[in-house]
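sequence unknown, structure follows:
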DNA sequence: GTGAATGCAAACTCTTTGCATGACT
DNA sequence: AGTCATGCAAAGAGTTTGCATTCAC
């Protein structure tokens, strides 16, 4: 994920917040930047840790409130890979997105994209009674490192 | 899901438990039957409620312990549709399985199957570095009832 | 009879909420 | 100035664990 893309997402998010009548407070902006800089599926605690390292601690409650707001505005996606914790990542206005693969051995989470998968899901939308608004795919397996270690 | 299928899964599970050296205790068997009778994605609390209705209450801790054991033996799948609660459903030895679609309005969870989707995921296994052991697909949208109500 | 499984209650983790203080517009 | 947002601490929900008792083999 390039710096240019990060910056544009951060700008987009700040603009959307302002339009919706929300303030660009310090803590909120720092959460935004943390999500943009990592780019993939962070937990609230990871965001908290990252900000503390930077010397810009933000209370956990504020992090959760910021994430909830960003989610309601469609600026982040809430991702759940089955660990019992919520993860958040930037939602790109282009609709471009990825899915996740989790190592059941070490817990590593990586991203992947696949056009055939998206096509299959697109086809489903026409077949089912539900009006499909979003989809999540999570793969489970062993990462290269754990495979080598075994 | 037919009664015959339920019975065979229950039998299979009891046999697997015995082979692995675990006891077919009353509470454990009741949890097994609850999962078999419902067939799709129950939470620990739902299992608890169902058993209490039947007059066969089982402590929540025992339900969690039973589910954990069944999961480790590959007899149930742990499913997470992003509500922050774990759901469990029978894992069929045939490998036959389904995925879930969640109504973001009322929370209803339904099952669906799709061959094209499975094919797309099968193709991915060859492309990625991970050794893929399992996959979950969750769709989000509005169910027919909520669409009509809107 | 013996070891495994249960049930209760306490502990833990993640997340949300109430309320007084402080900060953005 | 006025209001929205923050931070802390307490409350909640889901899940796990310790320990004495009970039960399956």
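All right, it came through fine. Since we're looking at a predicted model, the values are computed, not measured.

tell me the contacts of the residue nearest to residue A:38 when sequence neighbours are not counted?
In space, and not counting its chain neighbours, residue A:38 is closest to residue A:50: 7.2 Å by C-beta to C-beta, 6 or more residues apart in numbering or on different chains. For glycine as for every other residue, the C-beta is placed from the backbone atoms N, C-alpha and C. Residues near residue A:50 by C-beta atoms under 8 Å, 6 or more residues apart in numbering or on different chains: A:34, A:37-38, A:42.

once you drop chain neighbours, what's closest to residue A:113?
Leaving aside its sequence neighbours, residue A:113 sits nearest to residue A:98 (C-beta to C-beta, 6+ apart; 4.7 Å).

just the pLDDT for the one you found.
pLDDT, residue A:98: 95.

mind listing what it touches?
A:40, A:111-113.

lowest-confidence entry in those?
Lowest in pLDDT among the contacts of residue A:98 is residue A:40, which has 85.

residues near that residue, how many?
Residues lying near residue A:40 (other C-beta atoms under 10 Å in any protein chain shown) number 16.

so it: helix, strand or coil?
coil (DSSP: H, G, I helix; E, B strand; the rest coil).

that one is in contact with residue A:111, isn't it?
Yes. Contact criterion C-beta atoms under 8 Å: residue A:40 and residue A:111 qualify, at 5.4 Å.

so which helix or strand takes in residue A:89?
Assessed by DSSP states H and E, residue A:89 sits inside strand A:87-90.

what of residue A:77?
Using DSSP H and E, residue A:77 falls within strand A:76-79.

neighbouring strands - and their directions - for that strand?
strand A:87-90 (antiparallel) (DSSP bridges).

hmm, the strand it pairs with touching DNA strand C?
No. Using C-beta under 7 Å from any atom of the strand, strand A:87-90 stays clear of DNA strand C, coming no nearer than 7.9 Å.

need the contact partners of that strand.
Looking at what lies outside strand A:87-90 - C-beta under 8 Å, 6+ apart - the contacts are A:9, A:13, A:35-36, A:38-44, A:47, A:67, A:70-71, A:75-81, A:109.

what does stretch A:61-73 give?
A:13, A:16-17, A:20, A:22, A:27-28, A:31-32, A:35, A:44, A:47-48, A:58, A:76-78, A:86, A:88.

which of those fall within strands?
Per DSSP state E, strands hold the following members of those: A:76-78, A:88.

would you turn these into JSON lines with neighbour count, distance to residue B:144 and pLDDT?
Converted to JSON lines, those look like this (neighbours: other C-beta atoms under 10 Å in any protein chain shown; distance: C-beta to C-beta, whole Å; pLDDT from 0 to 100):
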{"residue": "A:76", "neighbour count": "25", "distance to residue B:144": "29", "pLDDT": "97"}
{"residue": "A:77", "neighbour count": "17", "distance to residue B:144": "25", "pLDDT": "96"}
{"residue": "A:78", "neighbour count": "18", "distance to residue B:144": "25", "pLDDT": "95"}
{"residue": "A:88", "neighbour count": "27", "distance to residue B:144": "30", "pLDDT": "97"}
